[in-house]
Each structure stands twice: as structure tokens, then as C-alpha cells.
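fold the following, please.
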Amino acid sequence: MEQSRKIKMSCKNIAKSFPTPAGNVEILKDLRFDVEENEFLVIFGPGQCGKTTLLNMLAGLEECTEGEITHNGELVKKPHHSRAVVYQTLALFPWMTVKENVGFGPKVRKVDKKQRDKDTQKFIDLVGLTGFENSYPVQLSGGMKQRVGIARAYCSDPDVLLMDEPFGHLDAQTRYMMQEHLEKIWENEKRTVVFVTNNIEEALFLADRIILLSDCPSQICEEYKIDLLRPRNLVDPEFLRLRKEITSRMTAND
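Here you go, the predicted model:
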């Protein structure tokens, strides 16, 4: 009998509204789901349906209007270093080298320099930036900057990694390359990941499980357990079948 997996985060009947001159606008409504340990969970849905708001709530950057979010059984009330966030627009420190950016989190936590340097190099190597340790962000391509951001997030040793459409602004070829890099990193350094996207191929390529959201006020339309072998083949018949099924389900809720 398969042993049940540990629950890392739990959303219990959460809702989010924002005040406007015309009254409150409900963005998220009665969301209930768990995030399992070492799971790669993808939050998928149409644009402007509240995915980023949900991720910010998981990070502790925004409060729930109703319900509660827990992380390891503790209420999420504010940001914490145990939850790292990677956004589409990276906030790399332009005056710092790749090595200094990646090692920033451990330095703030006062990790021993020898251990910090070892961990920093490990993640620089893992994202394929060996040889660029002393480069500055301005000298890097968009894809390379995203790899620095991912390495920095992992090097901070988070319990949960939250990613908000991190490859959304990249061209198609670079985006696919970054998906492959991220999958490789996740396979090597298992971590609980919640990943937001509105790209169905990206969702299916990366996810263990996909939660499909409706338009606002967003609710959970469906959950899909993705059992395809890794690395995923984008022209595999089952991949194509799932893409069609999920796309049709999302379109039906427009």
C-alpha cells in the first residue's frame, strides 16, 4: 500500500476580494486544495483570473479575505524565507555578480562562508552557468537571468518554491529550454513547487498535478493528475490528448 505523502501547504475555503469605487470585486472564491511534499503543482487558468493573487497569498504577501492558508500546519500571515518566490520580472541586484546574487540568501542568514560558497557553486553549476560566476546581470541574456533567479531561490534553501509565470516573457525556444532546465533541477533537487502559468504545454511538461481555475471569481474547475513519464514528449499521444481535454475544459468555462 502506498504511503500517504506529507501535506506542505493547505488552502481552506480561501477567498479574496478587492475594494473598488463600485464596491468589492471578488477575485478568488472558496478555493480548497493541498500541496504535497516534493510535488510539482501547476496552477493553470486563463489570463487575469487571479493566479498571481493566489501565489502572493501562498507567499504571505497578501491576506485572505476569507478562509486560511497553512504551511506545515502553521497559519501563513506574512512572508517567510521558507517560501521563496520567483517572478516573471526578476529583481536581480545589478551591482552584484552571478555568484553574489545566488549566494545572497545564505549570506543574509549568516551561513558559514565556506558552506555558502560550496552551495552557491553547486546551484550555479546545476543551472548551467558555470564560467559566468563573475558576470553581472547586464551581461546576461533573459534566459540566463532567469537561471540566476532559480539558482538564487534554490540556494536560499526554501521549503516551498513559488513561481509566477517565470518564463512568460521569453521567446518560445528559450522558454522551452528553461522548462527543461527547471525540470532537471527539480529532479536533482526535489523541492515542493507551486508554478503558475497560462501556457498549457508548459503546464503539462512540468506538472505532477494541474489545478484548473475558472474566470473571475476564480474557482477550481478540475484537478488533473499527470502520470506521464519524464522527460515529457510534447507530441506523445497522451500528452496531446490531455492538452486537448484541458483546453476544452477551460474554454467551456470562458
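
what residues of the helix or strand of the chain with the lowest mean pLDDT count as buried?
Across the helices and strands of the chain, mean confidence by mean pLDDT, DSSP states H and E is lowest for helix 172-188: a mean of 86. Neighbour-count burial for helix 172-188, counted by 16 or more other Cβ atoms under 10 Å, picks out T174, R175, Y176, M177, M178, Q179, H181, L182, E183, I185, W186. Where C-beta positions appear, they are placed from N, C-alpha and C, glycine not excepted.

and stretch 8-24, by the same measure?
Neighbour-count burial for stretch 8-24 [16+ other Cβ under 10 Å]: K8, M9, S10, C11, I14, A15, K16, S17.

would you confirm that K6 contacts E37?
Yes - between K6 and E37 there is a contact at 4.1 Å, judged by Cβ atoms under 8 Å.

so the two - more neighbours on which side?
Between K6 and E37, counting by other Cβ atoms under 10 Å, E37 is the more crowded of the two (15 against 12).

show me where pLDDT drops low in the stretch 51-200 of the chain?
Nowhere does the stretch 51-200 of the chain drop to pLDDT under 70.

can you pull out the helices in it?
Secondary structure of the stretch 51-200 of the chain (DSSP state H, counting those that start in this stretch): helices at 51-59, 98-102, 104-108, 113-126, 142-155, 172-188, 200-206.

now for the fifth one, which elements pack on it?
Spelled out, that is helix 142-155. Packing contacts for helix 142-155, counted by 3 or more Cβ pairs under 8 Å, 6 or more residues apart in numbering; DSSP states H and E, involve strand 83-87, helix 98-102, helix 104-108, helix 113-126, helix 172-188.

so how far is W95 from the residue most central in space within the chain?
Centroid-nearest residue in the chain: M163, 2.3 Å away (criterion: Cα atoms, centre = their mean). Distance, M163 to W95, by Cβ to Cβ, to the nearest Å: 25 Å.

and I27, by the same measure?
To W95, I27 is 37 Å away according to Cβ to Cβ.

of those two, which one has the most company?
The residue with more neighbours, out of I27 and W95, is I27; 19 against 9, by other Cβ under 10 Å.
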